[in-house]
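Asker: fold the stuff below for me.
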Amino acid sequence: MKRSELNSLMRDAVKFLEKMHFKLPPFAYWSPAEWQTKGKEYQEIVDNMLGWDITDFGSGDFQKVGLFLFTLRNGNLYKDEYSKTYAEKVLIVQEEQVTPYHFHWHKMEDIINRGGGNLMIQLYNSTEDEELADTKLRISMDGRNYLAPAGTIVRLTPGQSITLYPGMYHKFWGEQGTGTVLVGEVSQVNDDHTDNRFLEPTGRFPEIEEDEAPLYLLVTDYPELK
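Answerer: Numbering: from 1, shown residues only. As a prediction, the model looks like this:
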């Protein structure tokens, strides 16, 4: 992805979040120059990958296959100084924009439609060799628990949520004709380096073509901080 495209997506995301009355924390708006002035008291942001996360999953077409995320809070599986056992993200999903099939080995998460359009989620259990299973699914939505066939597509309207268990494949997209979706994710500690299993080979983080300066830093830019 080009840095100019990422910057444009950030500007669009800010406008959408303002429309939805959702506020990001102050560090969301630090410029690269401001980051250079921050001391070790902000190390948790860097260590736990809080902040901007935009990906096209290696597709080369963000509008078709892609996702906007911002990690608001997170613990750390490898550093004892961080005691949080939970994580929270905000996601923006456009109409018919697909996040490909994947599951997490360890993380349980709730996906919440916070407003806007409808979110569609297709679900499968995984087999021992990490393929799609044909077994019935355990569905848990807002206090309702039931079994459903493999491949079931669940529609989350604004206010609805679903629990996704470890090992449960899920693919999601915004329903056509309903508008962009503001999605919340509340989960156990998130680790995007070791706890994502994509059904097809997928790039979790984009390769960036630096055609202009960053508006705000992505979580993948943090290692470049001096």
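
Asker: use CA for all of it now, contacts and neighbours both
Answerer: Noted.

Asker: now do the residue of the chain most remote from its centre against Asn76, distance only.
Answerer: No residue in the chain sits farther from the centre than Thr37, which is 28.1 Å out by Cα atoms, centre = their mean. According to Cα to Cα, to the nearest Å, Thr37 and Asn76 sit 24 Å apart.

Asker: what does Tyr222 give?
Answerer: Distance check for Tyr222 against Asn76: by Cα to Cα, it reads 16 Å.

Asker: comparing those two, which residue is more hemmed in?
Answerer: Applying other Cα atoms under 10 Å to Tyr222 and Asn76 shows that Asn76 carries more neighbours, namely 20 against 17.

Asker: quick one: the helices in this structure?
Answerer: For the chain, the helices defined by DSSP state H cover 3-19, 32-35, 43-47.

Asker: can you list these in a markdown table and add mean pLDDT and mean neighbour count?
Answerer: Converted to a markdown table, the helices of the chain look like this (pLDDT from 0 to 100; neighbours: other Cα atoms under 10 Å):
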| stretch | mean pLDDT | mean neighbour count |
| --- | --- | --- |
| helix 3-19 | 98 | 15 |
| helix 32-35 | 96 | 13 |
| helix 43-47 | 97 | 16 |
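
Asker: now the ones you listed in CSV, with distance to Ser187?
Answerer: CSV is the format used below for the helices of the chain (distance: least, Cα to Cα, whole Å):
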stretch, distance to Ser187
helix 3-19, 21
helix 32-35, 28
helix 43-47, 17
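
Asker: quick one, which of those is nearest to Val189?
Answerer: Of all those, helix 43-47 sits nearest to Val189, with 12.7 Å by Cα to Cα.
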